[in-house]
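requesting a structural model of the entry that follows:
(one chain, ligands or ions: 1)
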Amino acid sequence: MDTSIFKELEIWFVTGSQHLYGEETLKQVAENSQTIVNGLNSAQKLPVKLVYKPTVKTPDEIYNICLEANTSKNCIGLITWMHTFSPAKMWISGLSVLNKPFLHLHTQFNRDIPWNDIDMDFMNLNQSAHGDREFGFICTRLRLNRKVVVGHWKEEGVQSKIAQWMRVAAGLNESKNLKICRFGDNMRDVAVTEGDKVEAQKVLGWRINGHGVGDLVASMDTVTDAEVDALYQEYKKNYNIIGNDVANIKYQAKIEIGMKKFLDQYGYKAFTTNFEDLYGLEQLPGLASQRLMEQGYGFGAEGDWKQSGLVRIMKVMSAGMKGGCSFMEDYTYHLDPKQPSVLSAHMLEICPSIAADKPNIEVHPLGIGGKDAPARFVFNVPLGRGVNASLIDMGGRMRMIVNPVEVVKPEDLPKLPVARALWIPEPNLEIGAAAWILAGGAHHTSFSMALDVEYLEDFTEMLGIEFVLIDKDTSIREFKKELRFNDVYFNLKI
Ligand code: MN
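From the prediction side, this is the model:
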């Protein structure tokens, strides 16, 4: 997925001050802010355009810029900075209505203290060390979630923190506009793939609608042989086709085209399928779902709309980055005490954006679902660090469970024709899996080697949903306490 999705988006840069300083200083404040915005934009590190806004000096100006941000379609968040002191009671009305995320950039125009020249004029202009603390107090007093980034604005580390947060803000924007198509319902009797779709729309913004599989079949009926042949040529060009089951592969091409037409017609950016609900289809959508994920659509198997939405959002956050993102499932364990690890895969539907090499297209019987042998991609995942995330419905709130993992080299798997990854969860399988299970984490996840924990943590803070991390510092005793404390905290918030 490329970065064109960020093209129209904007982050507004808002500098706070007050009239006490006089025209001369305020002019300097405005000039410095513009220099910072221009400098950050021209550094080419930020995925989203930063837009300079005039300094806000009164409660009305603050309120108005917040209202304007709320109603602007392209504005996906604010960066705030108090170059001088901005008495923060002025911010209460504006921040109370602001419905876009914000990053508090705690920076300073100059990097160094000019030891020999510093005088009181300099001190009266460069006041973020105390102005930003006043602003921080009111944000905390109002219980507002926000990101705080500290450091000089020219530093690479600061710029990459801003860039990372911008990608999360773009993910939030995607979330608030996301439509998810469910082809059929979820797998019968399965609990974790269920959830409150009204609550999900209220909190996450997702519009989740069901369509009969017949609607998909009808869309596939409009696909011509010429369209299928052209797509098959594309497959031949981009992947290694193994074997001679051309008809089975072409059937997946037909599903892909019919499904894409249907999704695009209704503006769906994510979808689910269910192998128990394939009436009128000859194969479970395998290669078709994998190809659509590669093009940026979110996907969840067995009706799992929560993971489908999360895959889509993580794809948006990681647009243009190396490492990809896929629907995933913890499948089978390797419990050898030398290296306890998880073999993660799915029946078919893993996205080739996480493939180490050019994927194979293979056709094999599924052994479940009673349909024709479906074509699917088969590949391994590169070695290295990744992050696994699961979204569950706790009843009254959403919880996201996040666990970094280390992808390691599997033995050869000559008889396993699916895309797969072998990994060790942090801190190890024993604690990692126990904590995951205690937190209620699903067997389905969204997995990425492009993103890290911070993206997902920031995303949950923007949404105000629960975030639990399992990592190298996790101890089961403390983790159980955290889950209990969170129950109290979120119940207080309701
Ligand atoms: Mn599954």
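
E199 and the ion, how far apart?
Separation of E199 from the ion (CB to the ion, to the nearest Å): 23 Å. Quick note: C-beta positions are derived from backbone N, CA and C, even for glycine.

burial of that residue, as a residue count?
When neighbours are defined as other CB atoms under 10 Å, E199 has 14 of them.

got it, and W115?
Neighbourhood size, W115 [other CB under 10 Å]: 6.

cool, K154 as well?
Using other CB under 10 Å, the number of residues around K154 comes to 13.

surely it is in contact with G39?
Yes: between K154 and G39 there is a contact under CB atoms under 8 Å: 6.6 Å.

any stretches of the stretch 51-200 of the chain with poor pLDDT?
The model of the stretch 51-200 of the chain has no residue with pLDDT under 70.

show me which residues of this structure are close to the ion?
By CB under 5 Å from the ion, the residues of the chain that approach the ion are A301, E329.

so for the chain, the centremost residue is which one?
Of all residues in the chain, the one closest to the mean position by CA atoms, centre = their mean is M314, 2.8 Å from it.

now do the helix or strand encompassing it, average pLDDT.
Taking DSSP states H and E as the criterion, M314 maps to helix 305-317. For helix 305-317, mean pLDDT is 98.

need the pLDDT of I476.
Looking at I476, its pLDDT is 98.

any idea how far it is from R484?
Computed with CB to CB, to the nearest Å, the distance linking I476 and R484 is 13 Å.

not counting its own residues, what contacts stretch 330-342?
With CB atoms under 8 Å, 6 or more residues apart in numbering as the test, stretch 330-342 has contacts from 343-346, 405, 408, 420, 422-425, 428-430, 433, 443, 445.

let's see it at 7 Å
Stretch 330-342 is contacted by residues L343, S344, A345, V408, L422, W423, I424, P425, N428, L429, E430, H443 when judged by CB atoms under 7 Å, 6 or more residues apart in numbering.

ok, now stretch 485-494?
G396, R397, E466.

swap in 6 Å and give it another go.
For stretch 485-494, the external contacting residues (CB atoms under 6 Å, 6 or more residues apart in numbering) are R397, E466.

flag every buried residue along that stretch.
Using 16 or more other CB atoms under 10 Å as the test for burial, stretch 485-494 gives N486, F490.

and the strands in the stretch 301-450 of the chain, which stretches?
Taking DSSP state E, counting those that start in this stretch as the test, the strands found in the stretch 301-450 of the chain are 325-334, 341-345, 360-363, 375-378, 384-393, 398-408, 420-425, 444-448.

same for the third one, what does it pack against?
Counting contacts by 3 or more CB pairs under 6 Å, 6 or more residues apart in numbering; DSSP states H and E, the secondary-structure elements packed against strand 360-363 are strand 375-378.

ok, the strand it packs on: who's next to it in the sheet?
Using DSSP bridges, strand 375-378 pairs in its sheet with strand 360-363 (antiparallel).

and the pLDDT for M347?
Listed pLDDT for M347 reads 89.

could you measure from the closest residue to it other than its chain neighbours over to P374?
Excluding the flanking residues, the one nearest M347 by CB to CB, 6 or more residues apart in numbering is L366, at 6.4 Å. As judged by CB to CB, L366 and P374 stand 6 Å apart.

again with A247
According to CB to CB, A247 stands 12 Å off from P374.

tell me which of these two has more neighbours.
Counted by other CB under 10 Å, A247 and P374 do not tie: P374 has more neighbours, with 29 against 11.

ramachandran coordinates for that one?
Main-chain dihedrals, P374, degrees, to the nearest 10: phi -90, psi 150.

that one reaches E282, doesn't it?
No: here P374 does not reach E282: they are 8.9 Å apart, not a contact under CB atoms under 6 Å.

before we move on, back to that, from the contacts of stretch 330-342, which would you call buried?
Buried members of those, counted by 16+ other CB under 10 Å: L343, S344, A345, L422, W423, I424, P425, L429, H443.

how far does stretch 229-248 stretch from one end to the other?
Start-to-end span of stretch 229-248 (CA to CA, to the nearest Å) is 13 Å.

what mean pLDDT does that stretch get?
97.

name the SS class of H83, please.
Following DSSP: H, G, I helix; E, B strand; the rest coil, H83 is assigned to coil.

skipping adjacent residues, who's closest to the residue of the stretch 351-494 of the chain found nearest the ion in space?
The nearest approach of the stretch 351-494 of the chain to the ion comes at H444, 5.6 Å away (CB to the ion). Leaving aside its sequence neighbours, H444 sits nearest to Q307 (CB to CB, 6+ apart; 4.5 Å).

please apply the same query to G432.
Computed as CB to CB, 6+ apart, the closest residue to G432 that is not its neighbour in sequence is P425, at 3.3 Å.

same check, this time on H152
H152 sits nearest to R111 (CB to CB, 6+ apart), 4.5 Å away.

hmm, that neighbour is touching G151, no?
No: at 9.4 Å, R111 and G151 do not qualify as touching, with contact defined as CB under 6 Å.

buried residues in the helix or strand containing D458?
Taking DSSP H and E as the definition, one finds D458 inside helix 453-463. For helix 453-463, the buried set under the neighbour-count rule, 16+ other CB under 10 Å, comprises V453, Y455, L456, E457, D458, F459, T460, E461, M462, L463.

kindly report the same for stretch 72-88.
For stretch 72-88, burial by neighbour count (16+ other CB under 10 Å) applies to 75-86, 88.

ditto for stretch 52-70
Residues of stretch 52-70 classed as buried: Y52, K53, T55, V56, K57, E61, I62, Y63, I65, C66, A69 (neighbour count, 16+ other CB under 10 Å).

and the fifth one, how far is that from the ion?
K57 sits at a distance of 56 Å from the ion (criterion: CB to the ion).

swap in the last one?
For A69, the distance to the ion under the criterion CB to the ion works out to 40 Å.

by contact count, what packs against whichever strand or helix holds that residue?
Assigned by DSSP H and E, A69 belongs to helix 59-71. Contacts defined by 3+ CB pairs under 6 Å, 6+ apart place helix 59-71 against helix 92-97.

got the CA coordinates for the helix it packs on in PDB?
Taking Å, rounded to 0.1, in the frame of the first residue of the first chain, the C-alpha atoms of helix 92-97 are listed here in PDB:
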ATOM      1  CA  ILE A  92     -10.500  25.200  28.600                       C
ATOM      2  CA  SER A  93     -13.400  25.900  26.200                       C
ATOM      3  CA  GLY A  94     -11.400  25.100  23.100                       C
ATOM      4  CA  LEU A  95      -9.900  21.800  24.300                       C
ATOM      5  CA  SER A  96     -13.200  20.800  25.800                       C
ATOM      6  CA  VAL A  97     -14.800  20.700  22.300                       C
END
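
quick thing: my sequence starts at 20, can you match it?
With the count now opening at 20, the last piece we talked about shows up as helix 111-116.

contacts only, for D376.
D376 sits next to no residue when contact means CB under 6 Å, 6+ apart.

now swap in the one 5 residues further on and tell me
Contacts of E381 were listed using CB under 6 Å, 6+ apart, and they are I261, V397, P436.

now swap in K216 and tell me
Each residue near K216 by CB under 6 Å, 6+ apart is listed here: I227.

how about L457?
Contacts for L457 (CB under 6 Å, 6+ apart) come out as none.

kindly recompute the last result at 7 Å.
L457 touches F498, K499, L502, counting by CB under 7 Å, 6+ apart.

still on that earlier bit, now the residue of the stretch 370-513 of the chain closest to the ion: how far from D471?
Distance, H463 to D471, using CB to CB: 20 Å.

and these two? Which one has more around it.
Under the criterion of other CB under 10 Å, the comparison of H463 against D471 puts H463 first, with 25 against 16.

so that one touches S327, yeah?
No: counting by CB atoms under 7 Å, H463 stays clear of S327, with 9.3 Å between them.
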